[in-house]
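S.K.: With the input below, show me the fold.
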Amino acid sequence: MKISRLLPLIGIAIFFFLLLNIDLPKIATIILRINLLLFGAAILVNIGVVILKAFKWKLIFSSYRIPVPYSRFLKSWLVGLSLSFITPGKFGDFAKAYYLKDKATLGKGLTTVFVERIIDILTLFILAIIGLSLFAIYYSPNLILLITTYILFAAFMIAIFLLSKKRVAAVILRPFYSRLAPEKYKESIKSIYSDLYEGVDLILKSKKSIVLVTVLTFFVWLCSTYVIYLISLSLGFEIPYSFLIIVFPIISLLKALPISFSGLGTRDATLVFFFSFLALAPEASISISLVYLLNAYILAFVGFALWFRNPIKIRK
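M.R.: Okay, the predicted model is just below:
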């Protein structure tokens, strides 16, 4: 069995470890007192977040000057969102490119998703570094966490720089292509690879779109942070929004690691850690985490319904 298949179990193991060390009836009590009005407001803000994310994707795709209605991007995004909840590291996000195959090649669709994810992760890293720096100043001088984030950011930037050079990327990826790519898919992979580099060059020329997408990405993360703020309020916990702005990007980065499903375990553990500096009990932190997950799954269910109506068909 490949080790990569066992990685998602790490998050599940962390989650069950947390459950074994807390008061479960207390969690039930906290969740049952939820303010449904505030929870509903969190759902509405989350809907707005998805609408903006789909719009960001459309802006990037518009570089190809191929007419595609916004509704297609929104439906595809919802499907990708739902699949990302059952795959580690949100790899399900890339599945949404399949729903544009009748409008553009798979390579072009994947290129737009790839660029959007890179901008997203880069923005998260910037926010996480700023957040950790402020956290170290105002709450705890955790140099290990700060240095680790800087190292990961540097590694990410080096990887992006190397992969942006087509010849260098070819040398790096050739061994994986030769050993791992099934023979019957090799030509398709070559086509996607070619589309990727042509597409990235084309997209980067649309500087206004890139700037607008980057600004929207920052705004989307502020809105996403507001979702967890509303959820905290709905459970009776007044966590400063400024504190959430500091820690939420870090939580989101850790949640994106391919070691759990739906961020289960990683999100809970990081919330317990950071909220402990506000003297919040682990039961309160995990309650917030579970209700936040429920909020996200409500939109994911819509995506699953769309997927069942029109499942992905890799072969035509």
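S.K.: make it CA atoms for all contacts and neighbour counts henceforth
M.R.: Fine.
S.K.: Just the helices from the stretch 1-150 of the chain, written as ranges.
M.R.: For the stretch 1-150 of the chain, the helices defined by DSSP state H, counting those that start in this stretch cover 3-6, 8-20, 24-32, 36-61, 70-84, 106-138, 143-164.
S.K.: Against which helices or strands is the longest one packed?
M.R.: Think helix 106-138. Helix 106-138 sits against helix 36-61, helix 143-164, helix 186-205, helix 207-234, helix 241-255, with contacts defined as 3 or more CA pairs under 8 Å, 6 or more residues apart in numbering; DSSP states H and E.
S.K.: name the helices or strands packed onto the second one?
M.R.: It refers to helix 143-164. Using 3+ CA pairs under 8 Å, 6+ apart, helix 143-164 sits against helix 106-138, helix 166-180.
S.K.: list the buried ones in that helix?
M.R.: Using 16 or more other CA atoms under 10 Å as the test for burial, helix 143-164 gives L146, T149, Y150, F153, F156, L163.
S.K.: For it, give the mean pLDDT please.
M.R.: Per-residue pLDDT values across helix 143-164 average out to 75.
S.K.: now swap in the shortest one and tell me
M.R.: Helix 241-255 carries an average pLDDT of 86.
S.K.: between that helix and helix 106-138, how big is the angle?
M.R.: 130 degrees (axes from the mean of the first three to the mean of the last three CA atoms, to 10 degrees).
S.K.: What's the local residue count around I10?
M.R.: For I10, the count of nearby residues is 16 (other CA atoms under 10 Å).
S.K.: Other residues contacting the host helix or strand of F275?
M.R.: In this assignment (DSSP states H and E), F275 forms part of helix 266-275. Contact with helix 266-275 is made by 11, 14-15, 18, 247, 251-252, 254-255, 260, 281-282, 285-286, 289, as judged by CA atoms under 8 Å, 6 or more residues apart in numbering.
S.K.: just stretch 144-158 next, same as before
M.R.: With contacts defined as CA under 8 Å, 6+ apart, stretch 144-158 is touched by F125, A128, I129, L132, S133, A136.
S.K.: Please export the C-alpha coordinates of that stretch as CSV.
M.R.: Written as CSV, here are the backbone C-alpha positions of stretch 144-158 (Å, rounded to 0.1, in the frame of the first residue of the first chain):
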residue,chain,number,x,y,z
ILE,A,144,9.4,27.9,15.4
LEU,A,145,6.0,28.4,13.8
LEU,A,146,7.1,31.6,12.2
ILE,A,147,10.4,30.2,10.8
THR,A,148,8.5,27.1,9.5
THR,A,149,6.1,29.3,7.6
TYR,A,150,8.9,31.4,6.1
ILE,A,151,10.7,28.2,5.0
LEU,A,152,7.5,26.8,3.5
PHE,A,153,6.9,30.1,1.7
ALA,A,154,10.5,30.2,0.4
ALA,A,155,10.1,26.6,-0.8
PHE,A,156,6.8,27.4,-2.5
MET,A,157,8.3,30.4,-4.3
ILE,A,158,11.3,28.4,-5.5
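S.K.: where's it relative to the chain centroid, distance-wise?
M.R.: Centre-to-centre, stretch 144-158 and its host chain are 18 Å apart (CA atoms, centre = their mean, to the nearest Å).
S.K.: Could you do stretch 94-112 as well?
M.R.: With CA atoms, centre = their mean, you get 19 Å for stretch 94-112.
S.K.: re earlier: with respect to S232, which of the helices of the stretch 1-150 of the chain lies nearest?
M.R.: With CA to CA, the closest approach to S232 among the helices of the stretch 1-150 of the chain belongs to helix 36-61: 9.1 Å.
S.K.: counting contacts, what elements does the closest one pack onto?
M.R.: Partner elements for helix 36-61 (3+ CA pairs under 8 Å, 6+ apart): helix 70-84, helix 106-138, helix 207-234, helix 282-309.
S.K.: so the third one versus helix 241-255, what angle?
M.R.: Counting by the same axes, to 10 degrees, helix 207-234 points 110 degrees away from the direction of helix 241-255.
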